[in-house]
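# sequence plus the predicted model coming up.
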Amino acid sequence: MADSRIYYLTECKRLLNFPIRLKEVGWLPGHSHIHRNVVIENVYICMSCNRLESSLFIADGELVLSNKNPGKISFWLIEPGTRLNTVKEAVHDELFFRFDDESAAAVMKLVGSCRRFSFEEWPFELMVELLQLLKQLDKVGTADKVDQMAVRIISEIIIRHIEKSEQNKNSRQLRIYSAANGLLAGKSLREAAQENGFSIRSFYREWEKCFNVSPKNYVMNKRIEKARQLLDNTELSNMEIARRCGFGDTKYFYQWFQIHFSMSPQEFRKSNRCRDTDGQVGAESD
């Protein structure tokens, strides 16, 4: 983008009845502005980057912290009527779009739930096109193109954000299932979490999105299910089944089996054998 400047489009003649119209476009490198009980009159989309210090302000009573992060670009839709108070401001580069009152509903519908997030890369080709258009605002019809270019830029940023969020979500799910396999293989929760890139806290948060039981109960359920199959289909002793299913001792195996099936492993095996025998007798009688 060019040097710091605000481009005013209110008086520009338009040829189209495009549903989203800009009042201003601003590019403000090295920007720092303090809000003192300011009420926002129009809908804004602000994108800031190169923040070398964290900033803090209050938006409608909610504390909003923007962390120092030179590699990130923050996206924020600010609704009309939002009251802003700066607590701590930081120098940053900012691109903003300010829309007219009639565009507010359309802009908020366009943005949807993606009203505040971070992204890593500008859509540079579109940004260059925007700059070229802004230099030609004296030409009739250019403002229409700027309106549409703003929508293209916003849409591209949001689409990339959603795509990356879905990729991250899928990646987190795969890593949780990998951690679950690690638990089944006998690894500790801490070891399984760390091997798959989770802290203990983030592990539990993501685990709850994939499973409706705790990690401990997940492992026990899988072990008991394997034990049930071995009792059904083999002549292995209870001690050997307990060993193969990862139970530390036979007593522990008995306790968990009793909880799940309300009977001991011997009773379960005997009950199943009786049913099988009855079924065979019935089939022969037929």
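Nice, thanks for sending it over.

# strands along the stretch 51-200 of the chain, start to end?
Using DSSP state E, counting those that start in this stretch, the strands of the stretch 51-200 of the chain run over 55-59, 62-66, 73-78, 83-88, 92-99, 116-119.

# rank these by pLDDT, which is bottom?
Of all those, mean pLDDT reaches its minimum on strand 62-66 (a mean of 78).

# and that strand with strand 83-88, angle?
For strand 62-66 against strand 83-88, the angle between stretch directions is 50 degrees (axes from the mean of the first three to the mean of the last three Cα atoms, to 10 degrees).

# can I get strand 62-66 as CSV, trimmed to CA atoms?
The C-alpha trace of strand 62-66 is given here as CSV (Å, rounded to 0.1, in the frame of the first residue of the first chain):
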residue,chain,number,x,y,z
GLU,A,62,-15.6,-6.1,27.2
LEU,A,63,-11.9,-6.1,27.6
VAL,A,64,-10.2,-6.7,24.3
LEU,A,65,-6.5,-7.6,24.3
SER,A,66,-4.4,-7.5,21.1
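
# direction included, what does that strand pair up with?
Strand 62-66 pairs in its sheet with strand 55-59 (antiparallel), by DSSP bridges.

# could you check how far the strand it pairs with is from the centre of its chain?
In terms of Cα atoms, centre = their mean, to the nearest Å, the centre of strand 55-59 is found 23 Å from the chain centre.

# that strand to strand 73-78, inter-axis angle?
Put simply, strand 55-59 runs at 20 degrees to strand 73-78, going by the same axes, to 10 degrees.

# which residues are contacting strand 55-59?
Residues outside strand 55-59 that contact it (Cβ atoms under 8 Å, 6 or more residues apart in numbering): 35, 63-66, 78, 82-90, 92. Any C-beta I mention is one placed from the backbone N, CA and C, and that applies to glycine too.

# ditto for stretch 244-261
Applying Cβ under 8 Å, 6+ apart, the contact partners of stretch 244-261 are 184, 186, 219-221, 223-224, 226-228, 230, 236, 238-239, 241-242, 263-265, 268.

# and the contacts of strand 55-59, which are buried?
H35, S66, I78, T82, L84, T86, E89, A90, H92 (16 or more other Cβ atoms under 10 Å).

# longest helix of the chain?
Using DSSP state H to define each element, the chain has its longest helix at helix 142-184.

# can you check what angle separates that one from strand 92-99?
120 degrees.

# out of the contacts of strand 55-59, which is nearest to N196?
The nearest member of these to N196, counting by Cβ to Cβ, is L65 at 28.6 Å.

# do I have it right that that closest one meets R51?
No: contact criterion Cβ atoms under 8 Å: L65 and R51 do not qualify, at 11.2 Å.

# quick check: the two most widely separated of the contacts of strand 55-59?
Largest separation among these by Cβ to Cβ: R83 and H92, giving 21.1 Å.

# pLDDT below threshold where in the protein?
The model of the chain has pLDDT under 70 over residues 1-2, 69-70, 274-286.

# now do 50
Applying pLDDT under 50 to the chain flags the ranges 281, 283-284.

# can you point me to the longest strand in it?
For the chain, the strand that runs over the most residues, judged by DSSP state E, is strand 22-31.

# list the buried ones in that one?
Of all the residues in strand 22-31, those buried under the rule 16+ other Cβ under 10 Å are L22, K23, E24, V25, G26, W27, L28, P29, H31.

# separation between M149 and Q136?
When distance is defined by Cβ to Cβ, to the nearest Å, M149 is 12 Å away from Q136.

# same thing with V219?
For V219, the distance to Q136 (Cβ to Cβ) stands at 65 Å.

# repeat that for A242.
As judged by Cβ to Cβ, A242 and Q136 stand 79 Å apart.

# who has more neighbours, these two?
A242 (24 against 12; other Cβ atoms under 10 Å).

# wait, a helix at the more buried one?
Yes: applying DSSP: H, G, I helix; E, B strand; the rest coil, one finds A242 inside a helix.

# with adjacent residues omitted, what lies nearest to it?
If the residues on either side of it in the chain are set aside, A242 comes closest to F253, at 3.7 Å by Cβ to Cβ, 6 or more residues apart in numbering.

# and the one you found, what helix or strand is that in?
helix 250-261 (DSSP states H and E).

# render the CA-only coordinates of stretch 169-184 in PDB, please.
Taking C-alpha atoms only, stretch 169-184 is exported to PDB below (Å, rounded to 0.1, in the frame of the first residue of the first chain):
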ATOM      1  CA  LYS A 169      -9.700 -28.800  13.100                       C
ATOM      2  CA  ASN A 170      -9.100 -31.900  11.000                       C
ATOM      3  CA  SER A 171      -5.400 -31.900  12.100                       C
ATOM      4  CA  ARG A 172      -6.400 -31.600  15.800                       C
ATOM      5  CA  GLN A 173      -8.900 -34.500  15.400                       C
ATOM      6  CA  LEU A 174      -6.300 -36.700  13.800                       C
ATOM      7  CA  ARG A 175      -3.800 -35.900  16.500                       C
ATOM      8  CA  ILE A 176      -6.400 -36.700  19.200                       C
ATOM      9  CA  TYR A 177      -7.100 -40.100  17.600                       C
ATOM     10  CA  SER A 178      -3.300 -40.700  17.400                       C
ATOM     11  CA  ALA A 179      -3.100 -39.800  21.100                       C
ATOM     12  CA  ALA A 180      -6.000 -42.200  21.900                       C
ATOM     13  CA  ASN A 181      -4.100 -45.000  20.100                       C
ATOM     14  CA  GLY A 182      -1.100 -44.100  22.200                       C
ATOM     15  CA  LEU A 183      -3.100 -44.400  25.400                       C
ATOM     16  CA  LEU A 184      -4.400 -47.800  24.300                       C
END
